[in-house]
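Colleague: Mind looking at a prediction? Sequence and model below.
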Amino acid sequence: MQHDFVYIRDLASHDGQIVTLKGWLYNKRSSKGLHFLILRDGTGLAQCVITEQEVGTVSWAAAEDATQESSLVLKGLVRKDDRQIGGYELVVHEAVLMQRAEGYPITPKDHGIEFLMDQRHLWLRSQRPWATMRLRNNIIMSIHHYFQEQGFIQMDAPIFTGNAVEGTSTLFEVDYFDEKAYLTQSGQLYGEAMAMALGKIYTFGPTFRAEKSKTRRHLTEFWMIEPEMAFYDLAMNMDMAEGLLRRILRDARTNCGTELDILGRDVALLEKADAPFPRIHYSDAVDLLKSNKSMEMLDGELEAAFDEEKNLRSELAEIKKNYGSAKKWEKKKFDAREIEINQLLEDCAERQRNLPKWKASAIAFEWGNDLGGSDETVLTKHFDTPIMVHRYPAAVKAFYMKRDPEDDRLALGVDVLAPEGYGEIIGGGERATDLQFLLDQIRAHGLPESAFSWYLDLRRFGSVPHSGFGLGLERTICWVGGLKHVREAIPFARLMSRLSP
RNA sequence: UCCUCGGUAGCUCAAUGGCAGAGCAUGCGGCUGUUAACCGCAGGGUUGUAGGUUCGAGUCCUACCCGGGGAGCCA
């Protein structure tokens, strides 16, 4: 493709040349007869210097008038400058203002999450979303490469379904030509049919849950990757899941250095996570959860939260004491630090509330329960890598799970829990193969047998051992990128309280 | 649905029950190498809504509305 302009990303290869950049004004700093235009073009940021003496009146007026997010065409000389982020700047010879933006709402200053989510269509232009979307793209490509290189076939499950898969989640109901239909909560059962036809397949598509969950880990619409493999048992399934995650980690570290830097991600933690994942039997997980080691860890963190609060409060008192005699620029610093301290104090208070609850939950935990969110967090705090907890009590898992031949109370399921409190990013397991067992399970779960007749055909005609899992894309992006909320990991998040933009 | 925290200028936040403020953004002025540039001036408010207590309410009480993150459920 021939362009009459170059991208900021490619400036290094145009050192000393006259080029044209097209983009939007990200920020502007000015002095007399001089503007520093920070241009954004989707590939990166570049500082473009324009001097009144060296350009015509039309170009100078364009630079004078340009406001934040105005669209611009800038022609000039590419010059190496080590002070710049990209290492290069543009000495502008000619500037054209395509459109003058007025009142761009996102100023170069802190904003609250609600305001930013209302402006998501514009917020995507900012640095953090820019880095996040590029990381998302990289992770998506890692997933495709990983599966394609092993001969998997990508095929998608339907989005409209006639019945609930597991009978537990709340689904979105839609009118389907006067019939009830639901938006899919999982392509799992269809994936099994496709695996019986093509061997190894994976789906990659949207999934919908109508749960009223207001947390940093939940979306009502999210993207899920669900591989399904014929002739794979639980151990092979776990190998596949671990291989996928470690591939994602490796590719992100190789390809997304700039993005992870913008996101402020501690890359050393990602490096540590790229090591063999411990595989923990449910019973061992219960023991670890209730161990002295866990209790000491929780006590230690609670103590740390109180210590931190004490230090923050004395710093705050110190600031208030010195505020009156401070110079103006010092007061600005004090104000900023005070806001920061207030936020940290809220974090401390939350930990002080949560940690005793987590401890109580761990103490009260009994073999046979499902692991709750806090229990998972406690377990993962013991490790630097994701952990794979396998063989859960069958009672808390879906009807299609195969039972453990060594302990009929257990199902051959596995959850992969990411470190640093990110929690469950994969759920999966080995599927039941016996027709009569599945019929019994469907009845025991109170599910309509008729809806599963096609699924049961998979056991009537050449039933084989098979396994698979579901990977939550946004949760994975959060973990790799060190994000706080899944809503940052998708361009336009759909939440209980948000359908727009 | 429950628990918990919050709602003050366009944005981020201050304000012992006692004159509603700062920074950023915007406008104007100054400054020829700035890195969220800086300096000066100006405009900008029904303190979420409705009641109540009080000489006096942003602040205390009651109800409601909206939002944050946590439980349940899950990826």
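Modeller: Noted; the coordinates are in hand.

Colleague: tell me which helix or strand of chain A sits lowest on mean pLDDT?
Modeller: Lowest by mean pLDDT, DSSP states H and E among the helices and strands of chain A is helix A:328-364, with a mean of 76.

Colleague: Buried ones in it, by neighbour count?
Modeller: Residues A:F334, A:I341, A:C348, A:R351, A:N354, A:L355, A:W358, A:K359, A:S361, A:A362 are the ones in helix A:328-364 that count as buried (16 or more other CB atoms under 10 Å). Every C-beta, even on glycine, is put in place using the N, C-alpha and C of the backbone.

Colleague: does the next helix or strand after that helix come close to RNA strand B?
Modeller: Next along the chain after helix A:328-364, taking DSSP states H and E as the criterion, comes helix A:373-380. Yes: under the criterion of CB under 7 Å from any atom of the strand, RNA strand B is reached by helix A:373-380 at A:G373, A:S374, A:E376.

Colleague: Kindly calculate the angle that helix A:373-380 makes with helix A:328-364.
Modeller: Taking axes from the mean of the first three to the mean of the last three CA atoms, to 10 degrees, one finds helix A:373-380 and helix A:328-364 inclined to each other by 100 degrees.

Colleague: could you dump helix A:373-380 to CSV, C-alpha only?
Modeller: Taking C-alpha atoms only, helix A:373-380 is exported to CSV below (Å, rounded to 0.1, in the frame of the first residue of the first chain):
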residue,chain,number,x,y,z
GLY,A,373,-13.5,-16.2,45.5
SER,A,374,-11.6,-15.4,48.7
ASP,A,375,-10.5,-19.1,49.1
GLU,A,376,-9.0,-19.0,45.6
THR,A,377,-7.2,-15.8,46.4
VAL,A,378,-5.7,-17.3,49.6
LEU,A,379,-4.5,-20.4,47.7
THR,A,380,-2.9,-18.4,44.8
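
Colleague: Distance from that helix to the middle of the chain?
Modeller: Centre-to-centre, helix A:373-380 and its host chain are 19 Å apart (CA atoms, centre = their mean, to the nearest Å).

Colleague: what comes into contact with it?
Modeller: Applying CB atoms under 8 Å, 6 or more residues apart in numbering, the contact partners of helix A:373-380 are A:280, A:285, A:288-289, A:294, A:297-298, A:354, A:357-358, A:361-362, A:365, A:371, A:386-387, A:389, A:415, A:417-424.

Colleague: which SSE is A:E228 in?
Modeller: A:E228 is located in strand A:221-230, with elements delineated by DSSP H and E.

Colleague: that older thread, quick one: mark the members of the contacts of helix A:373-380 that sit in helices.
Modeller: Among the contacts of helix A:373-380, the members falling in helices (DSSP state H) are A:A285, A:L288, A:L289, A:S294, A:M297, A:L298, A:N354, A:K357, A:W358, A:S361, A:A362.

Colleague: show me what contacts the fourth one?
Modeller: If a contact means CB under 8 Å, 6+ apart, then A:S294 has A:L288, A:A362, A:V378, A:H382 as its contacts.

Colleague: re the thing from before, taking the ones in helices among the contacts of helix A:373-380, tell me the two that lie furthest apart.
Modeller: Farthest pair in the ones in helices among the contacts of helix A:373-380 (CB to CB) is A:A285 and A:N354. Separation: 20.2 Å.
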